[in-house]
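Engineer: next one to model:
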Amino acid sequence: MKTRGKKTRCLSLLFVLMLCCITSNVQGAERELHWDTLEVEAHLNGNGVLDVTEHHTMVFTGDWNGGERVFNVRPRQKLEFGGIERIDAKSGSPQPLQETSIPNNVDDYTWANSRTLRWRSRLPSDPPFAGTRLTYALHYKLSGILLKDDAQFLLNHDFAFPDRPGPIEHFSLTLDLDPAWHPRGEFQNQYTAGPLDPGEGFVLNIPLGYSGNAAPASIDTHRPTEIIVAVIALLGMFAVLVLAFIARERSLGRFARVDMGGIDRVWIENSILAYPAEVVGAAWDGRIGTPEVVALIARMTAEGKLESKVEGQNSMRLSLNVDRGELKDHERSLVDGLFFNNKTETSTKEVRQHYKANGFDPATVIRPGLGECVRKVLPPGNTRSSRLVGLTLFLIGFVFLIGSAVSEPRLGAAAVALPVVSLFLGLILQIPGWLFRSRIDWELDTALLLLLPALFVCLCTASFLWFYLGSGQIELPWTMPCALAAFALCIANASVNGLKSRQSREAIAFRKRLAAGRSFFLSELEKPKPNLSDSWYPWLLAYGLGKQVDVWSNHHATTMTSSSTWRDDSDHTSSSSSSTKTATNTGSTNTGWSGGGGLSGGAGASGAWAAAAAGVAAGVAAPSSSSSSSGSSSSSSGGSSGGGGGGGW
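Structural biologist: Just a heads-up that it's a prediction; the model follows:
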């Protein structure tokens, strides 16, 4: 019984599958179109104009209205339509079709647009076609199809139309040349092919010599003037932008080397420790983020204002040991944020629980106050990068683009897409500039490396203009190369502007000194016995060197303890003591280095403290929602002239 049930289910499934296949075939057969034959008769006149007659024998099945022919007319080409006829199946006599604005009657035709011809073969009230054969003859002339290279001409033309819904079973071409034309290579008067599948055309590539008197209509394959001008302007102006940038930054001292000569403990105390750790961290790279928050917590802990204790992985407990009214600027802002509701104790867990609904970013909280402190220590004076050049280039490109869309309606989408893409790339190429401005120790070689994306955009645009548009592989209006060059320069200018300094020469020199201190710390951490002090640990954290300190501790520190609270190695007392040393005299009294402020004697404990402090500094992410977007893509075709599309509607 079970076997019989299985067989029944299998037969039922097979029946359903067969029914689906039959239904699919029936539905597919409801609307079908192919060409039984396509016969083309073409004559190349002495003036370079191709006179063409196409005989379409089309087989319609389904509720088609009629036929369609899409002509692929390139820029600098001209189509002259001579008419369309229906060939009577019995008598073979031609019946001219009537042009109307709306083809309401059989044997009416119209132009759906400048290149799409449609004719009516069936009224909506008529029964659907059922394998109905209809023959039509199209007459037209096409000029500008010849490519000229010095004294030689080239006929590179598609005599079929690949964009169609069905195959061409039999294709034939009769090509006659005026006596003024002399084929240079293999040539025959008659050609046949088939079947041609949808997407497949019939392209002839024939080199020709010319012995006539008058110059024939042709397209010169030498680079047009607008292409040469656009490429020279693009590459030349990019070079000018880069050279002007180098000269400007060199005058500001931006490319001066970070010199560590003469740096010793006294220099560190006078040039680095003279400023709060978080101020040094924000000033040297121009950013306020997690390292500055961690450095602030470390400094306040070292000064006894806070007491810290690592409770677990990336978790810390903090105690406030001073009256918050005594704190100013960003110190008070951070304490008010961490010790909410006038609390004197807090922890990573409590902060996350309190701010889980609205989010909390300590870096944002301290940014106004800390930013003001940084402005006070930085020498005054700012420079600005002009946006006039970029705005001018964008407007020039947009004007040329509108001109291209007016002369070539098919470029209408580019009038929207190209400016949007240019703005997007311009914003993306601001990232290298942001990185360069934040790393005051980077020099000219790094700046040139960061300009490679802009150079890539310009080279790609120039290559497209020179090798595709310039060679005639793709035909576009003369305004389009100008628009492309202008937008590419606009993108490049945005990238160059992004790298330009925004500060005075004195401010840059000050940041260079801070960078020299960071380089000194880095070089010392590569030594088994670095010339550092544990009390400098907040400044190392401000420079973002917490991981390097931890690596040194794991490889070189020898003293191990079990505590994980902040300790000052000068007297080995906890930060909860009444110590009130300032940042400067802390640096002068401590001469030993155990791997980071005596945090468990080094050996990785300082890394645990830094990780726990970073957990506090990371804050709490605000609830957010995600959205999805969809895009579309388009394609275009190039290659030989002619071709186009055809079918039904």
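Engineer: from here on, contacts and neighbour counts on C-alpha atoms
Structural biologist: OK.
Engineer: residue 383 reaches residue 501, doesn't it?
Structural biologist: Yes - Residue 383 is in contact with residue 501 according to CA atoms under 8 Å; the separation is 7.1 Å.
Engineer: more neighbours, these two?
Structural biologist: Neighbours per residue (other CA atoms under 10 Å) separate residue 383 from residue 501, with residue 501 holding more: 24 against 12.
Engineer: isn't that one right up against residue 250?
Structural biologist: No - taking contacts as CA under 8 Å, residue 501 lies outside contact range of residue 250: 10.5 Å.
Engineer: identify the contacts common to these two.
Structural biologist: With contacts defined as CA atoms under 8 Å, 6 or more residues apart in numbering, no residue is shared by residue 501 and residue 250.
Engineer: give me the buried positions along the longest strand seen in the chain.
Structural biologist: The strand of greatest length in the chain, counted in residues with DSSP state E as the criterion, is given as strand 129-143. Applying a neighbour-count criterion of 16 or more other CA atoms under 10 Å, one finds 129, 133, 134, 135, 136, 137, 138, 139, 140, 141, 142, 143 buried in strand 129-143.
Engineer: which parts of the stretch 501-649 of the chain are strands?
Structural biologist: Using DSSP state E, counting those that start in this stretch, the strands found in the stretch 501-649 of the chain span residues 567-568, 573-574, 641-642, 645-648.
Engineer: closest one of the buried residues of strand 129-143 to residue 446?
Structural biologist: Using CA to CA, the shortest approach to residue 446 within the buried residues of strand 129-143 belongs to residue 143, at 53.4 Å.
Engineer: nearest residue to that closest one other than its sequence neighbours?
Structural biologist: Computed as CA to CA, 6 or more residues apart in numbering, the closest residue to residue 143 that is not its neighbour in sequence is residue 49, at 4.5 Å.
Engineer: can you give me the domain assignment for the protein?
Structural biologist: Per automatic domain parsing, the structural domains of the chain span 31-222, 225-252+384-499, 265-382+505-617.
Engineer: and residue 649, which of these is closest to it?
Structural biologist: Nearest to residue 649 among the domains of the chain is domain 31-222; the distance by CA to CA comes to 5.6 Å.
Engineer: who touches the longest strand of the chain?
Structural biologist: Under the contact criterion CA under 8 Å, 6+ apart, strand 129-143 has outside partners 48-64, 77-89, 217-218.
Engineer: ok, of those residues, which come out buried?
Structural biologist: With burial judged by 16+ other CA under 10 Å, the buried subset of the contacts of strand 129-143 is 48-64, 77, 79, 84-87, 217-218.
Engineer: where does pLDDT dip in the stretch 101-250 of the chain?
Structural biologist: 220-221 (pLDDT under 70).
Engineer: in it, mark out all the strands, start to finish.
Structural biologist: Under the criterion DSSP E, counting those that start in this stretch, the stretch 101-250 of the chain contains strands at 108-111, 116-120, 129-143, 146-149, 152-158, 168-177, 181-183, 190-193, 203-210, 219-220.
Engineer: export the first one as PDB, just CAs?
Structural biologist: Coordinates of the C-alpha atoms in strand 108-111 are reproduced here as PDB (Å, rounded to 0.1, in the frame of the first residue of the first chain):
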ATOM      1  CA  ASP A 108      -0.500  53.800 -41.100                       C
ATOM      2  CA  TYR A 109       3.000  54.500 -39.800                       C
ATOM      3  CA  THR A 110       4.500  57.100 -37.400                       C
ATOM      4  CA  TRP A 111       7.800  58.000 -35.700                       C
END
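Engineer: just checking: what are the partner strands of it?
Structural biologist: Next to strand 108-111 in the sheet, as set by DSSP bridges, lie strand 98-99 (parallel), strand 116-120 (antiparallel).
Engineer: one step back: what's the least confident stretch among the strands of the stretch 501-649 of the chain?
Structural biologist: Mean pLDDT values for the strands of the stretch 501-649 of the chain show the minimum at strand 573-574, a mean of 32.
Engineer: and residue 645, which of the domains of the chain is closest to it?
Structural biologist: When these are compared (using CA to CA), the closest one is domain 31-222, at 4.1 Å.
Engineer: got the end-to-end distance for stretch 430-444?
Structural biologist: Separation of the first and last residues of stretch 430-444 by CA to CA, to the nearest Å is 17 Å.
Engineer: what does it rub up against?
Structural biologist: 246, 254-258, 284-287, 447, 450-451, 494-501, 508, 511-512, 515.
Engineer: repeat that with 7 Å
Structural biologist: The contact list for stretch 430-444, computed with CA atoms under 7 Å, 6 or more residues apart in numbering, reads 255, 258, 285-287, 450, 494-495, 498-499, 501, 511-512, 515.
Engineer: how many other residues sit next to the closest residue to residue 384 other than its chain neighbours?
Structural biologist: Of all residues not flanking residue 384 in the chain, residue 502 sits nearest, at 5.5 Å (CA to CA, 6+ apart). The local packing of residue 502 (other CA under 10 Å) involves 16 other residues.
Engineer: any idea how far residue 241 is from residue 46?
Structural biologist: Relative to residue 46, residue 241 is positioned 50 Å away (CA to CA).
Engineer: ok, which stretches of the stretch 351-500 of the chain are helices?
Structural biologist: Listed in chain order, the helices found in the stretch 351-500 of the chain under DSSP state H, counting those that start in this stretch are 362-377, 388-407, 414-428, 430-438, 444-450, 452-463, 479-499.
Engineer: out of those, which gets nearest to residue 538?
Structural biologist: It's helix 362-377; of those, that one is closest to residue 538 (CA to CA) at 15.6 Å.
Engineer: which residues sit against that closest one?
Structural biologist: 279, 282-283, 288-290, 293, 329-330, 333-334, 617, 619.
Engineer: of those residues, which pair is most distant in space?
Structural biologist: Greatest spatial distance among the contacts of helix 362-377 (CA to CA): 283 and 619, at 22.1 Å.
Engineer: now the strands for the stretch 251-400 of the chain?
Structural biologist: Read by DSSP E, counting those that start in this stretch, the stretch 251-400 of the chain holds these strands, from start to end of the chain: 306-312, 315-320, 345-347.
Engineer: dump those strands to JSON lines, plus mean pLDDT, mean neighbour count and distance to residue 360.
Structural biologist: Supplementary listing: these in JSON lines, determined by pLDDT from 0 to 100; neighbours: other CA atoms under 10 Å; distance: least, CA to CA, whole Å:
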{"stretch": "strand 306-312", "mean pLDDT": "90", "mean neighbour count": "21", "distance to residue 360": "20"}
{"stretch": "strand 315-320", "mean pLDDT": "94", "mean neighbour count": "20", "distance to residue 360": "16"}
{"stretch": "strand 345-347", "mean pLDDT": "95", "mean neighbour count": "18", "distance to residue 360": "14"}
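Engineer: dump those into a markdown table; add distance to residue 547 as well.
Structural biologist: Formatted as a markdown table, the entries for the strands of the stretch 251-400 of the chain read as follows, by distance: least, CA to CA, whole Å:
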| stretch | distance to residue 547 |
| --- | --- |
| strand 306-312 | 17 |
| strand 315-320 | 17 |
| strand 345-347 | 23 |
